[in-house]
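1. sequence unknown, structure follows:
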DNA sequence: CTTAAATTAGAGTAATTACTCTAATTTCGG
DNA sequence: CCGAAATTAGAGTAATTACTCTAATTTAAG
């Protein structure tokens, strides 16, 4: 494994364990089995390391909320799969969502990038939701201005469920992902046209 | 205003502006117009300052989710008022909810206190919800195991709505509070027995 | 007043931080 | 094999950090 790779993996692990504040570049270098000088040869500062990690995260997210090809009919199962993948990514990069506002507050450049990414992901998600209506999985009362609000609510729940568990001292594992799914289901239940499967 | 008070106010303001990581005890002392030595006379370290601030936050929260006396019938308005107050407090102490998991990760003592507080607040909230059912504001399908999930979802949305706005670079003001309210309403709408007022 | 306790200022410290510099080593095309 | 470029190690630095110490000042009770 090359140096850049080792740095990103070591940094991600340390950030997830201890939070970005407690982890210095020297710690990262040590964990990656290299000298501080070498680390700085590859990334010119700590922010650049964080940015590189987030670039990967965004890349992992891209395929999650893209639509399957037209002829394929989406089902509840489709949504369930995507949401689970969503939780996996959130957990992989949990350090970021734990302290996102603070991180973006001190790095304007990163913030712009994040806002851009979020907007595009929200659009993907809305297209996704629309497809569910077209394919008859969801049905909203006519002219309901709530669709957007419901999606926003689901988004917030999906993005903060794991942090919620962590804050309350509860262990997070594969089962937690499923429970997060059920929360989304609880919100959407009144609009589901199929059976009562959760 | 006495020294302890000045420290807490200065610290809260700086934390909200810059995040706890960027704010040193020296900064706080300067902002409170006193020497570092004096600050340490009143609080033995930074964690103790944060804990003192959170003690206030918890105290402000206590009355929010306590029930009105039995004879008073609760209405949608009751819920709306409490939720608005909820958002006010979240905004006043936004630094904490921005980086809560990271803060609790490095301060075990604080984490225990927080977990205790959250559990008690969740219970209050469930009693609150039950009262709404009794008073006929909300109606859930019989034997629905979703009530708890819906409350959890509402809780997560309520606690993370402002951070969601901040993360996406949107300004937060009194109107934002109202919009957060509407998200909760969108979730609860199918279970509301009264009119369609949002 | 006197005096003791509470409060304050401010200099000082050891540790840690992000980051630089130089020199050594490795890699690799020709 | 050569030499240049890429990579690495590790010592070093200036700044900042949380926190301590001592001595000065204020407060308040008798």
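-> Perfect, thanks for sending it. Computed from a predicted structure; not experimentally measured. Numbering: from 1, shown residues only, chains lettered A, B, ... in the order given.
2. who does the longest helix anywhere in chain A touch, helix- and strand-wise?
-> The longest helix of chain A (DSSP state H) is helix A:108-134. Judged by 3 or more CB pairs under 8 Å, 6 or more residues apart in numbering or on different chains; DSSP states H and E, helix A:108-134 is in contact with helix A:46-61, helix A:100-105, helix A:146-167, helix B:146-167. C-betas here are computed from N, CA, C, even on glycine.
3. And it, how far out from the chain middle?
-> 12 Å (CA atoms, centre = their mean, to the nearest Å).
4. So what angle separates the directions of that helix and helix A:146-167?
-> 120 degrees (axes from the mean of the first three to the mean of the last three CA atoms, to 10 degrees).
5. Give me the buried positions along helix A:108-134.
-> Neighbour-count burial for helix A:108-134 flags A:110-111, A:113-114, A:117-118, A:121-122, A:124-125, A:128-129, A:131-132 (criterion: 16 or more other CB atoms under 10 Å in any protein chain shown).
6. And the average pLDDT for it is what?
-> Per-region confidence: helix A:108-134 scores 90 on mean pLDDT.
7. can you check stretch A:73-81 too?
-> 89.
8. Please see if it touches chain B.
-> No. Judged by CB under 8 Å from any CB of the partner chain, stretch A:73-81 makes no contact with chain B; its nearest approach is 15.5 Å.
9. Show me what counts as buried in that stretch.
-> So for stretch A:73-81, counting by 16+ other CB under 10 Å, buried means A:74, A:76, A:78-80.
10. and these, which of them are in helices?
-> Among those, the members that lie in helices (by DSSP H) are A:76, A:78-80.
11. and the residue of chain A found nearest DNA strand D, which of the three is it?
-> Nearest residue of chain A to DNA strand D (CB to the nearest atom of the strand) works out as residue A:37 at 1.6 Å. In three-state terms, and counting by DSSP: H, G, I helix; E, B strand; the rest coil, residue A:37 is helix.
12. Can you give the domain ranges for chain A?
-> A:1-46, A:62-191 (automatic domain parsing).
13. contacts for stretch A:41-59?
-> With contacts defined as CB atoms under 8 Å, 6 or more residues apart in numbering or on different chains, stretch A:41-59 is touched by A:3-4, A:7-8, A:11-12, A:15, A:20, A:25, A:28, A:89, A:92-93, A:96, A:103, A:107, A:109-110, A:113-114, A:117.
14. let's go with 7 Å and repeat that
-> Stretch A:41-59 has contacts (CB atoms under 7 Å, 6 or more residues apart in numbering or on different chains) with A:3-4, A:7-8, A:11-12, A:20, A:25, A:89, A:93, A:96, A:103, A:107, A:110, A:117.
15. Point out the residues in chain A that sit beside chain B.
-> A:18-19, A:21-22, A:98-102, A:104-106, A:111, A:115, A:118, A:146, A:149-150, A:152-153, A:156-157, A:160-161, A:163-164, A:166-169, A:182-183, A:186-187, A:189-190 (CB under 7 Å from any CB of the partner chain).
16. Count the neighbours of the residue in chain A that DNA strand C sits nearest to for me.
-> Ranked by CB to the nearest atom of the strand, the top residue of chain A for proximity to DNA strand C is residue A:24, at 2.6 Å. Taking other CB atoms under 10 Å in any protein chain shown as the criterion, the count of residues near residue A:24 is 12.
17. ok, now how distant is it from residue A:31?
-> 11 Å (CB to CB, to the nearest Å).
18. same deal with residue A:16?
-> 12 Å.
19. Equivalent analysis for residue A:154, please.
-> From residue A:154 to residue A:31 the distance is 36 Å (CB to CB).
20. Among the two, which residue is more densely surrounded?
-> Shown here are residue A:154 and residue A:31; by other CB under 10 Å, residue A:154 has more neighbours (21 against 17).
21. I'd say that one and residue A:185 touch.
-> No. The criterion here is CB atoms under 7 Å, and residue A:154 misses it with residue A:185 at 9.8 Å.
22. What sits closest to residue A:79 if chain neighbours are left out?
-> Spatial nearest neighbour of residue A:79, excluding adjacent residues (CB to CB, 6 or more residues apart in numbering or on different chains): residue A:132 at 6.9 Å.
23. Identify the residues contacting that neighbour.
-> Taking CB under 7 Å, 6+ apart, one finds A:74, A:79, A:138 in contact with residue A:132.
24. Could you report the pLDDT at the last one?
-> By that I understand residue A:138. Residue A:138 is assigned 89 on the pLDDT scale.
25. beta partners of it?
-> residue A:192 (DSSP bridges).
26. how near is it to residue A:192?
-> Distance, residue A:138 to residue A:192, by CB to CB: 6 Å.
27. and the two? which has more neighbours close in?
-> Neighbours per residue, other CB under 10 Å: of residue A:138 and residue A:192, the larger number sits with residue A:138, 22 against 17.
28. which regions of chain A lie under the pLDDT threshold?
-> Scanning chain A for pLDDT under 70 picks out A:143, A:145, A:195-198.
29. ok, 50 please
-> For chain A, the stretches flagged by pLDDT under 50 are A:196-198.
30. List the contacts of the residue nearest the centre of it.
-> Central residue of chain A (CA atoms, centre = their mean): residue A:90, 4.0 Å from the mean position. Contacts of residue A:90 were listed using CB under 7 Å, 6+ apart, and they are A:97, A:159, A:162.
31. what's the burial count for the second one?
-> Think residue A:159. Residue A:159 has 21 nearby residues by other CB under 10 Å.
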